[in-house]
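> 3D model of this:
(one chain, ligands or ions: 1)
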Amino acid sequence: MSTLTHHFIDNAWVASRATRCLNVIDPYRETPIAEVTAGDPADVDDAVAAARRALPGWRELSSKRRGAFIDAIAEALEARRAALVELSSRNNGKPRAEADQDLVDAIACYRYYAGQARALDARQGETVDTGEAGLVSRRYQDPVGVAGLITPWNFPLVSSAWKIAPALAAGCTVVFKPSEVTPLPEQALAEIALEIGLPSGVFNLLHGDGRGVGEALTAHPGVDKLSFTGSNAVGEAVMAAAARGTRNVSLELGGKSPILVTADADPELAAELVLAGFCYNAGQMCSATSRLLVHESLADDLHARLDAAIADLVPGDPLDDATTLGPLVNAAQHQRVEAYLATAEAEGLVPTARSRIALPEHGHFIAPRIFRDVPTTSRLWREEIFGPVLCARTVRDDDEAVTLANDSSFGLAATVVAGDKGRAADIAARLQAGNVWCNAHQVAPPALGWGGMKASGIGRELGREGLEAYLETRYVTLPSAD
Ligand code: TXE
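Take a look at the predicted model:
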């Protein structure tokens with residue numbers, strides 16, 4: 001059993017001042033596999049000081065050199081891929097294939113921002129055509145400064161890549177706090193920083209929970225930029241903390257995303273996309289499409305297919321290649337989802353008949369549940385459950401589907417399944433969501449921005465926007481040469 005009692009600060013392993021430790025568990029075996037320090041606010045001071053010292057050197061480095069370091073991170077992750085897949089799968093409980101996809105996504109993200117970094121210097125001083133006679137205006141971009149990055153447990157190494165890669169590309173230095181629930185795979189990033197010779201203080205990793213480290217990091221006046229992914233409750237606290245000092249903040253929060261199935265949809269494709277939309281990662285995805293809006297003519301057929309597909313899922317050891325459904329990440333998450341199921345029962349909602357599959361005797365498993373005809377006032381319809389639970393309703397036409405889809409406090413993602421491509425595109429254009437997939441599985445390639453409208457967050461990660469989030473823009477206007 002490993003003990004993560006040390007942070008990574010200024011390229012050294014530094015013992016936390018905290019005496020409080022937390023168990024890191026294997027959610028399949030329900031046994032502790034490591035211990036991690038809860039962290040201490042004084043540790044945050046040290047990490048922020050290191051990041052501040054490193055800032056001038058890192059921002060002055062050519063963006064090409066920064067890109068080379070980011071490429072080296074991708075290489076080093078690739079070299080550790082098999083080991084990290086296993087560690088991530090054990091720590092988070094996700095099936096091996098899903099953990100492997102995480103590694104693919106993380107590596108692609110570092111490679112993408114290595115490319116973005118290389119292009120950055122060439123864009124400095126671009127002329128902007130203003131039409132002002134006798135004047136010339138140029139555009140420059142500078143790093144925001146020290147970035148405090150906080151991630152959750154559902155996509156280890158991926159959520160962190162989405163923040164660390166663009167922050168480093170922009171020339172920011174980093175204090176990163178991974179989730180205390182899944183610290184094991186993220187620890188590799190500190191080892192990699194040492195291995196590739198990243199300059200001291202450019203990347204610092206603090207272990208711990210919100211009380212030990214998170215709150216202090218968000219409140220620290222030496223942090224210029226905060227980027228947080230996680231629950232809405234904590235996201236709001238992060239935003240309030242960022243208000244002190246009027247600091248830059250990006251938030252990637254919850255979702256209650258819809259999947260719309262039109263009358264002309266291919267029912268087989270629809271069943272495949274609906275199932276993946278609420279069962280991938282055992283439903284623990286901000287982008288889970290957990291509200292199904294299906295045309296009334298197709299509903300019975302689709303539900304029969306879904307029930308059959310659920311019965312075919314293989315819950316089990318995440319490291320067994322046959323497993324297609326892993327446990328939830330821990331007891332707390334298990335209890336949270338169980339509480340929603342109790343609410344469903346209290347509201348008189350009954351899951352469809354065949355969605356109770358046999359589960360292993362241990363592990364934080366939840367059998368996927370589908371509830372039909374869920375009232376739009378139900379908490380299950382409106383709140384993010386973060387487990388394999390689908391709420392369904394039938395609709396009479398596309399207009400009703402769009403109206404119900406947009407009737408949510410969230411606006412992160414959506415899927416449209418339609419026979420006619422033009423019809424899918426028309427619906428997509430009317431949806432309030434940052435990403436809409438039409439007749440396609442959920443993908444988040446690094447070149448596309450990711451983020452949501454309404455309570456799903458502020459700003460975008462990935463893509464050019466993901467880099468801009470770590471840059472400040474400066475326009476300089478001066479008399480033209482003649
Ligand atoms: O998230 P938290 P939790 C939702 C999901 C889940 C619920 C709770 O519904 O059931 O949130 O999960 C750090 N200041 N999502 O408790 O608490 C914390 O240490 C600063 C949705 O794991 O938001 C961790 O690193 N930081 C979401 C990170 O914040 C604080 C993904 C996330 O923890 C802090 C995860 C504080 N005061 C959970 N308190 C999504 N939509 O993707 C905690 N943290």
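
> Which parts of the stretch 201-350 of the chain are helices?
Secondary structure of the stretch 201-350 of the chain (DSSP state H, counting those that start in this stretch): helices at 215-219, 232-243, 267-279, 299-311, 331-346.

> how about the longest one, does it reach the ligand?
Yes. On the criterion Cβ under 6 Å from any ligand atom, helix 331-346 is in touch with the ligand at 333, 336. (Glycine included, C-beta is placed from N, CA and C.)

> List the contacts of that helix.
Helix 331-346 is contacted from outside by 30, 284, 327-328, 351, 364, 366, 369, 371, 378-380, 383, 385-387, 389, using Cβ atoms under 8 Å, 6 or more residues apart in numbering.

> and stretch 317-328, average pLDDT?
For stretch 317-328, mean pLDDT rounds to 98.

> now stretch 143-160
When pLDDT is averaged along stretch 143-160, the result is 98.

> Can you get me the start-to-end distance on it?
One end of stretch 143-160 to the other measures 18 Å (Cα to Cα, to the nearest Å).

> Would you agree residue 161 falls within a helix?
Yes. Assessed with DSSP: H, G, I helix; E, B strand; the rest coil, residue 161 lies in a helix.

> Wait, it touches residue 111, no?
No. The criterion here is Cβ atoms under 8 Å, and residue 161 misses it with residue 111 at 10.0 Å.

> Break this structure into its domains for me.
Domains of the chain are assigned by automatic domain parsing as 2-253+456-477, 258-448.

> Adding mean neighbour count, write those domains out as TSV.
Below are those laid out as TSV (neighbours: other Cβ atoms under 10 Å):
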stretch	mean neighbour count
domain 2-253+456-477	20
domain 258-448	19
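
> returning to what we had before: let's have the helices of the stretch 201-350 of the chain in a markdown table, adding mean pLDDT and distance to residue 398.
Below are the helices of the stretch 201-350 of the chain laid out as a markdown table (pLDDT from 0 to 100; distance: least, Cβ to Cβ, whole Å):
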| stretch | mean pLDDT | distance to residue 398 |
| --- | --- | --- |
| helix 215-219 | 98 | 42 |
| helix 232-243 | 98 | 30 |
| helix 267-279 | 98 | 15 |
| helix 299-311 | 96 | 15 |
| helix 331-346 | 98 | 28 |
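
> okay, these in TSV with distance to residue 60 next?
Output for the helices of the stretch 201-350 of the chain, formatted as TSV (distance: least, Cβ to Cβ, whole Å):
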stretch	distance to residue 60
helix 215-219	25
helix 232-243	26
helix 267-279	46
helix 299-311	55
helix 331-346	44
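
> closest one to residue 254 among these?
The closest of the helices of the stretch 201-350 of the chain to residue 254 is helix 232-243. By Cβ to Cβ, the value is 5.1 Å.

> Remind me what that closest one packs against, helices and strands.
Helix 232-243 sits against helix 215-219, strand 225-229, strand 248-252, with contacts defined as 3 or more Cβ pairs under 8 Å, 6 or more residues apart in numbering; DSSP states H and E.

> right, and those - which one's nearest the ligand?
The ligand sits nearest to helix 215-219 of all these, at 4.5 Å, using Cβ to the nearest ligand atom.

> Show me which residues of the stretch 351-482 of the chain are close to the ligand?
Proximity of the stretch 351-482 of the chain to the ligand (Cβ under 6 Å from any ligand atom) is limited to residues 384, 386.
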